[in-house]
Structures are given as C-alpha cells and as structure tokens.
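A.B. asks: got a structure for you, letters missing:
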C-alpha cells in the first residue's frame, strides 16, 4: 500500500513570511506553525510580474502612503499582478492555498480544480474601516474614500470564494458575517498565539507589599495610537493616590517623559541581548496596560504567556477574557475609571493571583501557535473530506 503524501500548502501573502517583522511577526509565526503541524509549505512569489516596476516604485514612497496605496492598487490590478502566483500554482500541484493577512493577494487568483483556499486575518479592509476601531484612526488619504465601494464589493467576492475562513477573534468573525451575509458556514474563530518563546513555567506573579512600585508594561510602535498619553495620565493619578508605580515602554519613544518611566524605543528579538531585555520586562511586570483600539493585539498574548494580567479597552478583537486574563473597560471610560479599576485589583492580592494564573492557563490552552495550528489542521482536514462542488 502506498503511503499517503503529506499535504502540500502554497503560502500566499504580499510580504514574505521570512521577514520576522512583517505583520508584527504574525506572518512568520503562521507560516512556521503550518510547516510544523499542518503540511509542507511553499511560499508563493510576491512579485507583481509585468507590474513589478510599479510595486518597487510604491516601496520607495513614505511608509504611510505605501501601505495604504499598495494594497488598493494590488486589488485593482489583480488580473495583472497575480501572473507569477498563478504560474506557481499550475506547476506546484498544491492541495491548499493558505492566504494570510493580505486579502488583496487573492485578487486575480486562478485555482486548479482540486485546490482549496483558506484565509486568515485579524481584520479585512471594509470591516475594519466601518468599525469603531477603524473609525478611531480616520482616513490618512481622503482620496481613499473614493475606493470604498469598489473595495467592499471585491472584499465580499474574495471572501465568498474562500473555502475556509479562520478569524482570530469574534470581533472580525461577527463583523464579516454582518457585512457579507452567507459566510457563516465557512467562518471559524481560531485565536492566534504569542510572538515570543514562552517560559516553561513562569514564576507566580505577586504584587509588591514592601513599598516597591507596581510595574506596568506598555508595548507598541505608536505611542499615541496605543493610548500612551492616557496610560501616563492614569499612572500619575494613581501616584497622587499614594500608589508607587513604574512604567516600562517598549517599541516607541514617547514625546513626554516621567520620573516613573523606563523606555526601550526598539528591542530586536533576533538579537540575543535585546531579546533577553524584552523578556525580562515581561517577567518583572505586574500588569500590561494599553488603552488602545486593537484589531487583535499580540502583546496581550505575550502577556498571558508570562501570567501577566492585562488592562485595556474592550474594543476590537483584543484577546483578553474579562475577569479571567485581565479587565476591560468600555470605550469612553475615563482615567478615573481605569485608576479605580487598577486600585481595586491592587487591593485584592488573591484576585490578582487568580487572574495571573488564569492568564497563563489561557495561554497554554488557547493563545499559542501550536493550539492554533492543531485546530486549523482539524478544520482543513474536514474541508478536504468534502471535495469542491
């Protein structure tokens, strides 16, 4: 009897998963998880074929313009851009095309009859833009509004063409179902994991009881977008109430300073020394505090890996289970509301320890890439048992 071949997967994204920074590291983690747990993965070309000179020109533009213009043009020119990808699909004999993040990469795709299409992303353009999260940031390019109708129609058709949709949060799942009825039977919520190597067994978190400051952690590239000013104002209020605080900032350089603030503008996880500093910040922290609008938020998964409770807004798809891995407050909550919440938690050391333990347990059961891959593998296997119509 011949041995059944391993599943062959074509990985589709507009940025290479070999770039550890692409899509906040999630692109690489998804690729590795598929390779280690689901099948043999081959990365499809990112070249635009005959339109490659245009892609190279776009990458020379300021990053903010490039990011917003490139995916719209990719969506519009899919019939031309997809040439190299379609050629690779014809030659590769793949069982599955797995598209991560870049929905526009599926524009112009021509699948062989036996090949299935799976898509995952923490947000899609129209769902994001119409949401509370997207509207909080507004439009960088006012001209982009002229494309909204076109983008929404294309988005709906591309999602409908997928055989399986893997959303990391209920927020995106519900948003897509509401905007594009008919996706329910192919949609599944499978949370993503942490983009760090988790400690085997982190020390049980305990609040300081000897006058040492409560350690808060803030991780993000954009100080304003991640709610940095709000965090500082809240900690200043806690200080005025007699709570000793310390804030460690990773990933950006705040335009303001405070005596209780330690800043690491950039820590490269690929650098051994800097990665050790990064992980040490998680190990010594007592609370992750981010008052931001998030489509997902890998930092919260990383916090859970260290048994670190999170305090945040209940917006978007943040992977924080209220009362189990941390606490959320509704959009519009004030500095006083957050200070009251934090002070109440600090007054209940046993509750804090329970949430710290719950955070790590949730990481072990759910917020890790092996768990994501195993669930995805089961869904893909089920898909393969039902041939395309």
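C.D. replies: Thanks, I have the structure now. Just so it is clear, the structure is predicted and the values come from calculations on it, not from any experiment. Residues are numbered from 1 along each chain as shown.

A.B. asks: Can you get me a residue count around residue 214?
C.D. replies: 20 (other C-beta atoms under 10 Å). To be clear about C-beta, it is placed using only N, CA and C from the backbone, and glycine gets the same treatment.

A.B. asks: Please shift the residue numbers so they start at 47 in all later answers.
C.D. replies: OK, 47 is where the count begins now, so the last one is residue 260.

A.B. asks: who touches it in this structure?
C.D. replies: 253-254, 284, 289-292, 332-333, 392 (C-beta atoms under 8 Å, 6 or more residues apart in numbering).

A.B. asks: In strands, which of the residues you listed appear?
C.D. replies: When DSSP state E is applied, these are split such that 291-292, 333 fall in strands.

A.B. asks: In the residues you listed, which residue is surrounded by the most others?
C.D. replies: For those, the largest neighbour count, defined by other C-beta under 10 Å, is 24 neighbours, found at residue 333.

A.B. asks: domain assignment for the chain?
C.D. replies: With domains defined by automatic domain parsing, the chain comprises 54-239+414-430, 260-411.

A.B. asks: Need the contact partners of the helix or strand containing residue 218.
C.D. replies: Using DSSP states H and E, residue 218 maps to helix 216-225. Applying C-beta under 8 Å, 6+ apart, the contact partners of helix 216-225 are 167-170, 172-174, 176-177, 198, 202, 205, 211, 213, 229-230, 233-235, 341, 362-363.

A.B. asks: Can you point out the buried residues in the one helix or strand residue 416 maps to?
C.D. replies: With secondary structure defined by DSSP H and E, residue 416 is part of helix 415-430. Buried residues in helix 415-430, counted by 16 or more other C-beta atoms under 10 Å: 415, 417-419, 421-423, 425-426, 429.

A.B. asks: what sits against the residue nearest to residue 202 when sequence neighbours are not counted?
C.D. replies: Leaving aside its sequence neighbours, residue 202 sits nearest to residue 226 (C-beta to C-beta, 6 or more residues apart in numbering; 4.6 Å). Residue 226 makes contact with 201-202, 205-206, according to C-beta under 8 Å, 6+ apart.

A.B. asks: Going through those residues, which ones are buried?
C.D. replies: Judged by 16+ other C-beta under 10 Å, buried ones among these: 201-202, 205.

A.B. asks: Those in helices, which ones?
C.D. replies: Counted as lying in helices by DSSP state H, out of the buried ones among the contacts of residue 226, are 201-202, 205.

A.B. asks: circling back to that earlier point, could you redo the domains of the chain as JSON lines and give each row mean pLDDT and distance to residue 246?
C.D. replies: As requested, the domains of the chain are exported to JSON lines (pLDDT from 0 to 100; distance: least, C-beta to C-beta, whole Å):
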{"stretch": "domain 54-239+414-430", "mean pLDDT": "92", "distance to residue 246": "13"}
{"stretch": "domain 260-411", "mean pLDDT": "94", "distance to residue 246": "11"}
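
A.B. asks: what would these look like in CSV with distance to residue 247?
C.D. replies: Formatted as CSV, these follow (distance: least, C-beta to C-beta, whole Å):
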stretch, distance to residue 247
domain 54-239+414-430, 14
domain 260-411, 9
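
A.B. asks: Which one, of those domains, ends up nearest to residue 249?
C.D. replies: Proximity to residue 249 (C-beta to C-beta) singles out domain 260-411 among the domains of the chain, at 7.5 Å.

A.B. asks: For that closest one, what is the distance to the chain centroid?
C.D. replies: Chain-centre distance of domain 260-411: 17 Å, with C-alpha atoms, centre = their mean, to the nearest Å.

A.B. asks: before we move on, what about stretch 99-116?
C.D. replies: Worked out by C-alpha atoms, centre = their mean, stretch 99-116 lies 22 Å from the chain centre.
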